[in-house]
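Student: Sequence first, predicted model second:
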Amino acid sequence: MAPAATGGRHRASPPGDHATREGDPMTDGTLHQQITALADLVTPMAVRAAVTLRIADRVGDDGATPAELARRTGTRPRPLGKLLRHLVSLDILAFDGGRYRLTELGSALRREDGAPWPFAPLDLDGVTGQTGLSVIHLLHTLRTGEPVYRRMFGTDLWSYVDGRGDADDELRSEALTAPAPDAEVLVEHPCWSAARTFVDVGGNTGALAEALLVRHPHLRATLLDLPVFARVARRRFAESGLADRAAAVGRSFFEPLPAGADVYLLSAVLADWDDDGAVRLLRNCADAAGRDGAILVSEVRPVEGPHWPGTAMALWLEATTADPDRGVEDLTALAAEAGLKVTRVDRAPTRLVLELHA
């Protein structure tokens, strides 16, 4: 019978609702369930929604009724009720006596005053939480080779964050983190002993610039990035007592850079740009550095860790960056196209550092 003859609209069955039928090639229900579980999107989004709504904090010590939680979270009772019941099935909540209460697992989602909250990246109202959804558009990357952010936001990630207008507090919180792993190979680079000034091109919120200024008291820094990042970096330098040695300039690094510094630093920047964009940026650095300045290019190469299986991290980076796999030969070729030559290469387990000169 055609779907129209059933008297209602034909709708696809939800995940996990496919019954094995006679003649169906899928006869092993266990394998079917395993594949369906691997493809599940509902549970990850339910957990992220619970984090975003701060349900663990709003349940309270005495629990809460569904109506109380709807009022406290500013949500509609019917869909919220279904979310709460799913959280019960995940052992995040328990329900008894008409009230929802936290389980031991759910209690881990509570925030403690003054303590870093490890689940902030799951908050769907935040920049990090929104960009974490990037892998939903993985098919776009597989078909086009392009990162997903332009499809998601209509622009690159950094322009999106800068244009939001409400990202300062979130970036300020993230600015408390230290530089990426193996930053020592860059912080201890021999070029700093002879340098007096450097420009941190695309320096984000200033973690690396701060580390360099603390390690090398003779250095002075100019961080250049989009306005939202420059604002946060400026506050960081002030709070660290470095404002007299560090300035933060808010503009695109594709515009002319401050000229005449001893070193121009590009740390974890080129991977966000395709070859044309990377060469354009390197040429911009070369123009500012002139014959006497050096350019340090540092790229991070993540390896398998406790929170990310290596294959998952590799796939996520492929979806979110233009070219995460450039090695020394690739970067050397880009430098040559920009009229630069590599004079030194340093390696650490997760980081490459190339020194370039005109």
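Tutor: In hand now; what should we look at?
Student: Tell me the first helix or strand C-terminal of the least confident helix or strand in the chain by mean pLDDT.
Tutor: In the chain, the helix or strand scored least confidently by mean pLDDT, DSSP states H and E is helix 168-174, which has a mean of 65. For helix 168-174, the following helix or strand on the C-terminal side (DSSP states H and E) is helix 184-187.
Student: In CSV, list the C-alpha atoms belonging to the helix or strand that that following helix is followed by.
Tutor: With elements assigned by DSSP H and E, the helix or strand that comes after helix 184-187 is helix 191-194. Extracted in CSV, the C-alpha atoms of helix 191-194 (Å, rounded to 0.1, in the frame of the first residue of the first chain):
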residue,chain,number,x,y,z
CYS,A,191,66.1,33.7,18.0
TRP,A,192,64.7,35.4,21.1
SER,A,193,68.1,36.1,22.6
ALA,A,194,69.0,38.6,19.9
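Student: Which residues outside helix 191-194 are in contact with it?
Tutor: If you take Cβ atoms under 8 Å, 6 or more residues apart in numbering as the criterion, helix 191-194 is touched by 198, 212, 215, 216, 219, 262, 263, 294, 296, 355. For the C-beta atoms, the positions are set from N, CA and C on the backbone; glycine is no exception.
Student: What's opposite the first one in the beta bridge?
Tutor: Taking DSSP bridges, one finds residue 221, residue 263 as the beta-bridge partners of residue 198.
Student: Tell me how far it lies from residue 97.
Tutor: Going from residue 198 to residue 97 by Cβ to Cβ, to the nearest Å gives 63 Å.
Student: Against residue 223, how distant is residue 251?
Tutor: 11 Å.
Student: and the two? which has more neighbours close in?
Tutor: residue 223 (28 against 13; other Cβ atoms under 10 Å).
Student: residues contacting that one?
Tutor: Residue 223 neighbours (Cβ under 8 Å, 6+ apart): 199, 200, 203, 206, 209, 230, 233, 246, 247, 248, 249.
Student: circling back to that earlier point, quick one: buried ones out of the contacts of helix 191-194?
Tutor: By neighbour count, with 16 or more other Cβ atoms under 10 Å, the contacts of helix 191-194 hold 198, 212, 216, 219, 262, 263, 294, 296, 355 as buried.
Student: Enumerate the beta-bridge partners assigned to the last one.
Tutor: Just to be clear, that refers to residue 355. Where residue 355 sits in a bridge, its partners, by DSSP bridges, are residue 296, residue 344.
Student: Hmm, residue 343 and it touching each other?
Tutor: Yes: between residue 355 and residue 343 there is a contact under Cβ atoms under 8 Å: 5.2 Å.
Student: still on that earlier bit, nearest to residue 84 among the contacts of helix 191-194?
Tutor: residue 212 (48.7 Å; Cβ to Cβ).
Student: my read is that closest one is in a helix, agree?
Tutor: Yes: using DSSP: H, G, I helix; E, B strand; the rest coil, the assignment for residue 212 is a helix.
Student: What spatial separation is found between it and residue 195?
Tutor: 10 Å.
Student: what's the spacing between residue 40 and residue 131?
Tutor: Taken as Cβ to Cβ, the span from residue 40 to residue 131 is 21 Å.
Student: Then residue 265?
Tutor: Counting by Cβ to Cβ - residue 265 and residue 131 are separated by 24 Å.
Student: Dihedrals phi and psi, residue 351?
Tutor: Per-residue torsions, residue 351: phi -150, psi 140 (degrees, to the nearest 10).
Student: tell me, what's touching residue 251 and residue 223 both at once?
Tutor: Shared contacts of residue 251 and residue 223 (Cβ under 8 Å, 6+ apart): residue 230.
Student: Let me see the ranges of the strands in the stretch 1-150 of the chain.
Tutor: Assigned by DSSP state E, counting those that start in this stretch, the strands in the stretch 1-150 of the chain fall at 93-96, 99-102.
Student: Make a markdown table from those and add mean neighbour count and distance to residue 274 to it.
Tutor: Formatted as a markdown table, those follow (neighbours: other Cβ atoms under 10 Å; distance: least, Cβ to Cβ, whole Å):
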| stretch | mean neighbour count | distance to residue 274 |
| --- | --- | --- |
| strand 93-96 | 16 | 46 |
| strand 99-102 | 20 | 47 |
